[in-house]
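Novice: Okay, predicted coordinates and the sequence, questions at the end:
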Amino acid sequence: MSKISVGPQIPIRALREAYGLTTGQLADMISELGVKVDGSTLRHIELGDRNASTALRNAWATVLKIRPADFMQGDALRSYLTVQDDEAA
């Protein structure tokens with residue numbers, strides 16, 4: 001049986017870019033949380049070429065201030081971003 005690869009369900013690249021971060025900067029921030037990763041790996045995950053481990057998803061979510069589950073729930077992230085935009089206005 002072949003393994004099916006599923007890409008990210010939310011625009012994690014767009015969210016990273018909204019924070020003004022490069023993949024290298026994000027990788028450094030994630031590594032500071034104890035999960036060693038490099039920018040190239042993050043890029044492959046953003047493109048859907050690789051899957052993130054649970055530890056990486058948790059650290060990534062912490063840095064981007066989202067819940068790890070939001071990586072799989074696009075509507076929840078859109079709702080969160082809308083609230084954040086409304087609060088900033």
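Specialist: Alright, I've got the coordinates. Numbering: from 1, shown residues only.
Novice: contacts, neighbours, all on C-alpha from now
Specialist: OK.
Novice: How much space separates Arg16 from Glu46?
Specialist: As judged by CA to CA, to the nearest Å, Arg16 and Glu46 stand 10 Å apart.
Novice: between the two, which one's more packed in?
Specialist: Set Arg16 next to Glu46 and count neighbours by other CA atoms under 10 Å: Glu46 wins out with 22 against 18.
Novice: can you tell me the helix or strand for the residue lying closest to that one once chain neighbours are set aside?
Specialist: Sequence neighbours aside, Arg13 is the residue nearest to Glu46 in space, at 5.8 Å (criterion: CA to CA, 6 or more residues apart in numbering). Per DSSP states H and E, Arg13 falls inside helix 12-18.
Novice: Outside of that helix itself, list whatever touches it.
Specialist: Applying CA atoms under 8 Å, 6 or more residues apart in numbering, the contact partners of helix 12-18 are Thr22, Thr23, Leu26, Glu46, Leu64, Phe71.
Novice: could you redo the last one with a cut-off of 6 Å?
Specialist: Applying CA atoms under 6 Å, 6 or more residues apart in numbering, the contact partners of helix 12-18 are Glu46.
Novice: Buried residues, that helix. List them.
Specialist: Going by neighbour count (16 or more other CA atoms under 10 Å), the buried part of helix 12-18 is Ile12, Arg13, Arg16.
Novice: Do you know the pLDDT at the second one?
Specialist: When you say that, I think you mean Arg13. You'll see Arg13 listed with a pLDDT of 86.
Novice: State the distance from it to Asp38.
Specialist: For Arg13 relative to Asp38 (CA to CA), the value is 15 Å.
Novice: Likewise for the last one?
Specialist: Going from Arg16 to Asp38 by CA to CA gives 15 Å.
Novice: Check the first one too.
Specialist: Taking CA to CA as the criterion, Ile12 is separated from Asp38 by 16 Å.
Novice: Kindly report the same for Pro68.
Specialist: 19 Å.
Novice: From Leu42, how far out is Gly48?
Specialist: 10 Å.
Novice: so after the helix holding Arg13, what's the next helix or strand?
Specialist: As assigned by DSSP H and E, the chain's next helix or strand after helix 12-18 is helix 23-32.
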